[in-house]
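In: For reference, the sequence and a predicted model appear below.
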Amino acid sequence: MELTTAIEKYRKLQAKLSAYYHAMSLIHYDGVTSAPSATAANRGQTLSVLSEETYLLSTGKETLELLEFLDAHKDELDYVQARSVYLSLKEIKEMQKIPLEEYVAYEELMVQSDDVWHKAKETSDFALFLPYLEKIFEYQKRFARYCAPDVHPYNYCLDKYEDGLTMDRCDEFFAALKSRLVPLIKKIGQKEQIDDSFLYGDFSEADQEKFSLSLMDVIGIDKGHCGLSTTEHPFTTSFGSHHDVRITTNYYRNNFTFSMFSVIHEGGHALYDMGSDDSLAYTNLDGGVSMGIHESQSRFYENLLGRSREFTKYVFPTVCSCFPSMKSCTAEDFYRAVNKVSPSLIRVDADEVTYALHIMVRYELEKRIMSGDLEVKDLPAEWNRLYKEYLGVDVPSDREGVLQDSHWSGGAIGYFPSYALGSAYGAQLLKKMKESVDVEACLKAGDFAPINAWNKENIWKHGRVYTPSQLLERVLGEAFDPFVFTDYLEKKYGEIYGL
């Protein structure tokens, strides 16, 4: 086979797989946004057929021979081509280790479990979701044994979301955060608490949607390629290409800031996905390289930018226009209120300081289940115990406790540490960005163009061309340091609370 012929065949294979993933993502997106409640079985049937097709196409003899030919000629490929082939071979060889019937059954289970999770959360009934969650964790353990028998099953899960991440690295990272955050939270708790009562009231969904769409414009989202919908648990999805991305939110009538910050958070994900270089479209290099880097962008926009004094002051007139009751307070009041530190029940509502403790709870529980030290049926009790120990709060129901996140219903075991890593990555990226961009001036003017341009040039356009560690090294020029994040928190909240 001629190398040029092989490269063209590989390009067409990538485009075909991208089309399948596009269709499957659309079906999933429909299921969690607007599909009728009794249609899960139909979607499951369709996804089982499509997942079987993608499995056969990805792992078939012809595909493997093509990739092995390209790999044998990798010295004749450019770096980007060689990286793409490497990732395809890695994913195919892993997929081949999973029996087809189990792969298809797992895809069907994902549809069923998501549907049941929604019902279980609505009724606060963990017992309803339990048999599905037990199967999900069992599948994850089984897949780990198939694909990485010499690796701890939870390390296998962690690595899927952050290349090279292990329990040892997580333990070291969380210990570093805990050493600085626990004393900071204690000091803040001894201070007079911030009044945020004016954030709660009656805010119509129509007004919140209007505000959300304006936020998308401010942070620079191209609404011709990114739509906004509602769902129970906000998320972002990219439909096989950065040319088609959707973000979601949830409108709570009593508190508009939930949708405000979920839109900015998911907007950060969307900007990353849409920022991949056009040359990577319809390939396995399109989109974010890891969930840690992805969360560095979402939490960068949500917190480091969105909760800054400069941005909240800039957006405050729009807040008052959309929600007239907010005219009773000042921009400074608004800034302090959206940065109030208080241990809470719900992760997505958590402030910057206590957020990592929510992640630590989930990390500890996942690690123990994957290690066999905890049974799935005991999750609610352990969840409640750790929330009392770590955050000092009592969990009144499963809805507000173990059922609050959608991640487990989608099989995303090992994802949660990415949120805390992303927060820490983001703080160090902001420090680096400030060397060449006047971030405060941009936020005061509501001009995200220089910020987005820096992110696109340094992070977004590279897609999956580099590993997470390679990308950070290229951008930062120094090692990752979690204490940059804790320094940022101590400075910001020390000023807010007068520590």
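Out: Thanks, I have the structure now. Numbering: from 1, shown residues only.
In: Can you pull out the low-pLDDT segments for this structure?
Out: Low-confidence segments of the chain, defined by pLDDT under 70, are located at 240-242.
In: where exactly do the strands run in it?
Out: 226-230, 236-238, 245-249 (DSSP state E).
In: quick one: contacts of stretch 62-72?
Out: With contact meaning CB atoms under 8 Å, 6 or more residues apart in numbering, stretch 62-72 is reached by 1, 3, 6-7, 9-10, 13, 57, 77, 81, 85-86, 88-89, 92, 96. Quick note: C-beta positions are derived from backbone N, CA and C, even for glycine.
In: And the furthest pair within the residues you listed?
Out: The most widely separated members of these, counting by CB to CB, are Leu3 and Gln96 (24.6 Å).
In: do you know how far the closest residue to Glu122 other than its chain neighbours is from Ile293?
Out: Distance criterion CB to CB, 6 or more residues apart in numbering; nearest residue to Glu122, sequence neighbours excluded, is Arg399 at 7.6 Å. From Arg399 across to Ile293, the span is 31 Å (CB to CB, to the nearest Å).
In: between these two, which one's more packed in?
Out: Ile293 (28 against 18; other CB atoms under 10 Å).
In: my read: the more buried one touches Pro468, true?
Out: Yes: using CB atoms under 8 Å, Ile293 is in contact with Pro468, at 5.4 Å.
In: just checking, His118 touches Tyr132?
Out: No: using CB under 8 Å, His118 is not in contact with Tyr132; the gap is 11.6 Å.
In: Of all residues in this structure, which one is nearest the centre?
Out: Glu295 (5.1 Å; CA atoms, centre = their mean).
In: So which bits of stretch 342-349 are buried?
Out: 342-345, 347-349 (16 or more other CB atoms under 10 Å).
In: Run the chain-centre distance for it.
Out: For stretch 342-349, the gap between its own C-alpha mean and the chain's C-alpha mean amounts to 17 Å (CA atoms, centre = their mean, to the nearest Å).
In: can you check stretch 445-455 too?
Out: With CA atoms, centre = their mean, you get 22 Å for stretch 445-455.
In: Spatially nearest residue to Val80, not counting backbone neighbours?
Out: Val465 (5.7 Å).
In: what residues are up against the one you found?
Out: 79-80, 83, 280, 285, 289.
In: what's the spacing between it and Phe480?
Out: From Val465 over to Phe480 (counting by CB to CB), the distance is 19 Å.
In: what's the answer for Glu352, then?
Out: Counting by CB to CB, the gap from Glu352 to Phe480 is 19 Å.
In: Show me which of these two is the more surrounded one.
Out: Glu352 (21 against 17).
In: ok, the more buried one - contacts?
Out: 303, 307, 339, 341, 423, 489, 492-493.
In: again, only using 7 Å
Out: 303, 307, 489 (CB atoms under 7 Å, 6 or more residues apart in numbering).
In: Neighbour-wise, give me the winner out of the residues you listed.
Out: Counting by other CB under 10 Å, top hit in the contacts of Glu352: Asn303 with 25 neighbours.
In: what residues are up against that residue?
Out: Contacts of Asn303 by CB under 7 Å, 6+ apart are Glu352.
In: List the buried residues in stretch 125-140.
Out: Per 16+ other CB under 10 Å, stretch 125-140 contains these buried residues: 125-126, 128-130, 132-133, 135-137, 139-140.
In: again with stretch 353-360
Out: Going by 16+ other CB under 10 Å, stretch 353-360 has these buried residues: 353-360.
In: now stretch 251-264
Out: 251, 255-264.
In: can you put those residues in CSV and add distance to Ile221?
Out: Converted to CSV, these look like this (distance: CB to CB, whole Å):
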residue, distance to Ile221
Tyr251, 18
Asn255, 23
Phe256, 19
Thr257, 19
Phe258, 19
Ser259, 15
Met260, 14
Phe261, 15
Ser262, 14
Val263, 9
Ile264, 10
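In: right, and out of the residues you listed, which lies closest to Phe416?
Out: Distances from Phe416 to the buried residues of stretch 251-264, taken by CB to CB, are shortest for Ser262, at 17.1 Å.
In: dump the residue contacts of that closest one.
Out: Counting by CB under 7 Å, 6+ apart, Ser262 has contacts 234, 249-250, 348.
In: Any of those buried? List them.
Out: 234, 249, 348.
In: could those be laid out in TSV, adding distance to Leu50?
Out: Output for the buried ones among the contacts of Ser262, formatted as TSV (distance: CB to CB, whole Å):
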residue	distance to Leu50
Pro234	25
Thr249	28
Val348	30
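In: So which other helices or strands are in contact with the longest helix seen in the chain?
Out: Criterion DSSP state H: the longest helix present in the chain is helix 3-33. Here helix 3-33 touches helix 40-59, helix 61-72, helix 100-123, going by 3 or more CB pairs under 7 Å, 6 or more residues apart in numbering; DSSP states H and E.
In: Which residues are in contact with Ile346?
Out: 400, 404.
In: and the gap between it and Glu400?
Out: 7 Å.
In: now swap in Leu443 and tell me
Out: Counting by CB to CB - Leu443 and Glu400 are separated by 33 Å.
In: Looking at those two now, which is surrounded by more residues?
Out: The neighbour comparison of Leu443 against Glu400 (other CB under 10 Å) goes to Leu443, with 22 against 16.
In: Can you report how many residues neighbour the closest residue to the more buried one other than its chain neighbours?
Out: Nearest non-adjacent residue to Leu443, counting by CB to CB, 6+ apart: Glu310, 3.6 Å away. As a burial measure, Glu310 scores 17 neighbours (other CB under 10 Å).
In: Cool, thanks, signing off.
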